[in-house]
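Undergrad: quick one: sequence and predicted model below, then my questions.
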Amino acid sequence: MSTPINGIMDEAIATTEFDYDSVVTPCHAVAVQTFVFNVLPTFYSLVFILGLVGNVLVVLVLIKYKFKSMTDIYLLNLAISDLLFIFSLPFRIYYAANDWVFGDAMCKIYIGIFFLHFYSGSFFIVLLTIDRYLDIVHSASALKARPIHYGIITSIHAWGVAILVSSPGLVFFRLQMEDDRKSCTSYFPYGSNFEWNKFLILKMFFVGLIFPMIIMTFCYSRILNTLLRSRNEKNKTIWLIFIIMIIYFLFWAPNNIVLLLQLFHTSFSADSCNNLKRMNTALQLTETLAVAHCCINPLIYAFASEKFRKYVISFFHP
């Protein structure tokens, strides 16, 4: 029997679906169900509006005023990644309180977009960090190594890799009947549930979070060392990219950590009904936080970049 939560990442871990039939009292997280049905549609609607307006504005400003460097190309792709996910939010809004009525093909596309947004966002933040690293630490040789077309080529490769690592969502998710309702959930070959779920979650954790974090930590440690020695103040963009990176991990890491805990719940003696309820609640809350990230980057630009604010004002008052 599957858990009563509608969240995508909860559905992505079929092996952590618990045998509630062995519990005398049905183990249903009523508070989570209330949150899903009553709160999430309104919250996701707000995220949709803010994210759509903010990211469309970022795209327009970058194309009109700042499409001149690799950093601009990566920021543009980051906004496109957020917009791609935002366009899937109306389906999520409806699904939060109703059955999945959009068919099997849309189920696969819906899940695929979720994973594509997660991986592409991570990859483009890595590229932004590497770009700043080359510009500051290897400034003498970086100019020759970073022509504008190189940013386009690396962006295409980043999208290709993101699509590749997101493809299991297209294979393992489908429209199913669960508890008398239509749901868009994972379905693995018989007898391989745990292995495939373990693979998908560990892939998210290491490819989407740990590996990028290692690269970013190395780059920023070298950048900080260079700035402290040279007192170079020409690269204010570094702080903008740093804030984007920190916010990304703050919004996405909690969900991935809870996924790992839920995957290995038996190792933590967390298979009692109360613990399962708490785990499901934590999973839903952290997933909601991760979803909200798609509307955050434009707010970061607005508050952290004086140049971006000037471009926005000029865009509306030419």
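TA: Thanks, I have it.

Undergrad: CA atoms for contacts and neighbours, from now on please.
TA: Fine.

Undergrad: so how far is stretch 70-78 from its chain's centroid?
TA: Distance of stretch 70-78 from its chain centroid, counting by Cα atoms, centre = their mean, to the nearest Å, is 17 Å.

Undergrad: stretch 308-318 too?
TA: Distance, stretch centre to chain centre, for stretch 308-318: 29 Å (Cα atoms, centre = their mean).

Undergrad: got the buried residues for that stretch?
TA: Buried residues in stretch 308-318, counted by 16 or more other Cα atoms under 10 Å: 308, 311-312.

Undergrad: could you do stretch 150-157 as well?
TA: Buried residues in stretch 150-157, counted by 16+ other Cα under 10 Å: 151, 154-155.

Undergrad: now those in a markdown table, with distance to residue 87, secondary structure and pLDDT?
TA: Converted to a markdown table, the buried residues of stretch 150-157 look like this (distance: Cα to Cα, whole Å; DSSP: H, G, I helix; E, B strand; the rest coil; pLDDT from 0 to 100):
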| residue | distance to residue 87 | secondary structure | pLDDT |
| --- | --- | --- | --- |
| 151 | 25 | helix | 87 |
| 154 | 25 | helix | 94 |
| 155 | 21 | helix | 95 |
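
Undergrad: any idea how far residue 46 is from residue 297?
TA: 15 Å (Cα to Cα, to the nearest Å).

Undergrad: equivalent analysis for residue 313, please.
TA: Distance of residue 313 to residue 297, given as Cα to Cα: 18 Å.

Undergrad: just to revisit the earlier point, among the buried residues of stretch 308-318, name the ones in helices.
TA: Of those, the ones assigned to helices by DSSP state H are 308, 311-312.

Undergrad: which other helices and strands contact the strand or helix carrying residue 43?
TA: Per DSSP states H and E: residue 43 is located in helix 40-61. When contacts are defined as 3 or more Cα pairs under 8 Å, 6 or more residues apart in numbering; DSSP states H and E, helix 40-61 packs onto helix 70-86, helix 89-95, helix 297-304, helix 306-316.

Undergrad: would you state the strands of this structure in chain order?
TA: 173-178, 181-186 (DSSP state E).

Undergrad: skipping adjacent residues, who's closest to the most centrally placed residue in the chain in space?
TA: Taking Cα atoms, centre = their mean, the centroid of the chain lies closest to residue 118, which sits 3.2 Å from it. Leaving aside its sequence neighbours, residue 118 sits nearest to residue 208 (Cα to Cα, 6 or more residues apart in numbering; 7.2 Å).

Undergrad: just residue 251 next, same as before
TA: Distance criterion Cα to Cα, 6+ apart; nearest residue to residue 251, sequence neighbours excluded, is residue 290 at 5.0 Å.

Undergrad: show me what contacts the one you found?
TA: 251-252, 255 (Cα atoms under 8 Å, 6 or more residues apart in numbering).

Undergrad: export those to CSV and tack on neighbour count and pLDDT?
TA: Shown next, in CSV, are these (neighbours: other Cα atoms under 10 Å; pLDDT from 0 to 100):
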residue, neighbour count, pLDDT
251, 20, 95
252, 23, 94
255, 23, 91
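
Undergrad: so which of those comes closest to residue 302?
TA: Nearest to residue 302, judged by Cα to Cα, of the contacts of residue 290 is residue 251 at 18.6 Å.

Undergrad: got the contact list for that closest one?
TA: Going by Cα under 8 Å, 6+ apart, residue 251 touches 286, 289-290, 292-293.

Undergrad: neighbour-wise, which one of those leads?
TA: Neighbour count (other Cα atoms under 10 Å) singles out residue 286 as the most crowded of the contacts of residue 251, with 22 neighbours.

Undergrad: so residue 71 versus residue 123, what's the distance?
TA: In this structure, residue 71 and residue 123 are 13 Å apart, going by Cα to Cα.

Undergrad: and residue 78, by the same measure?
TA: Per Cα to Cα, residue 78 is found 9 Å from residue 123.

Undergrad: which one of those two has more residues nearby?
TA: The residue with more neighbours, out of residue 78 and residue 123, is residue 78; 26 against 23, by other Cα under 10 Å.

Undergrad: helices of the stretch 151-300 of the chain, residue ranges please.
TA: For the stretch 151-300 of the chain, helices defined by DSSP state H, counting those that start in this stretch occupy the ranges 168-172, 193-205, 211-230, 237-263, 273-292, 297-304.
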